[in-house]
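Novice: Need a 3D model of the sequence below.
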Amino acid sequence: MELKIKALSPRIGQDIPVPHFATPGAAAMDLCACIDEPITLAASQRALVSTGIAIALPSAAYVALVFARSGLGIKKGICLSNGVGVIDSDYRGEIGVGLVNLSEESYTIQPGDRIAQLMVVPVVQPQITLTDTLDETERGTGGFGSTGR
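Specialist: Prediction:
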């Protein structure tokens, strides 16, 4: 599968890295901040951060998902403001990363910082059938916490 990446900024591939897999076992590519000056997020503040790239997925059989970087989330409280970003196969605009500072301290994003990760996964678009009944399972309708602690 080929993922086409279009540089929307001349800085991509120069001082801003092109997304790539850091190791042979990596499932996602880092996305970097393509910004001209640092952005400081105060506690609880949100910002949309430019990546300077657009992508072309080859078909509706794929979606690109944007996830938080675990180190930023755990160590600094910097997470995606929408949980997970979904980039549909027919979207050709710039990838922006919505970040939120969940910590109590300000955090500054520098140009070129790794701010999120991009994963491409297969998609199944099921045929929808409206029904009055669903098959029974052992769990049934047990909700949050119903399978253990």
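Novice: Now do the end-to-end distance for stretch 6-20.
Specialist: End-to-end span of stretch 6-20 (Cα to Cα, to the nearest Å): 13 Å.
Novice: err, stretch 5-12, not the other one
Specialist: 10 Å.
Novice: Same question for stretch 1-13.
Specialist: Stretch 1-13 has an end-to-end distance of 22 Å (criterion: Cα to Cα).
Novice: And it, what's buried?
Specialist: 5, 8-9, 11-12 (16 or more other Cβ atoms under 10 Å). For every residue, glycine as well, the C-beta is placed using N, CA and C.
Novice: Also stretch 35-49?
Specialist: By neighbour count on 16+ other Cβ under 10 Å, the buried set for stretch 35-49 is 35, 39, 41, 47, 49.
Novice: list the helices and strands the helix or strand hosting Val100 packs on?
Specialist: Assigned by DSSP states H and E, Val100 falls within strand 96-101. In terms of contacts (3 or more Cβ pairs under 8 Å, 6 or more residues apart in numbering; DSSP states H and E), strand 96-101 is packed against strand 39-41, strand 46-50, strand 78-80, strand 114-122.
Novice: Any idea how many residues pack against Gly143?
Specialist: As a burial measure, Gly143 scores 8 neighbours (other Cβ atoms under 10 Å).
Novice: same question, the one 4 residues further on
Specialist: Using other Cβ under 10 Å as the criterion, Thr147 is surrounded by 9 other residues.
Novice: just to revisit the earlier point, residues making contact with the strand holding Val100?
Specialist: 31, 33, 41-51, 66, 77-82, 85, 107, 109, 115-116 (Cβ atoms under 8 Å, 6 or more residues apart in numbering).
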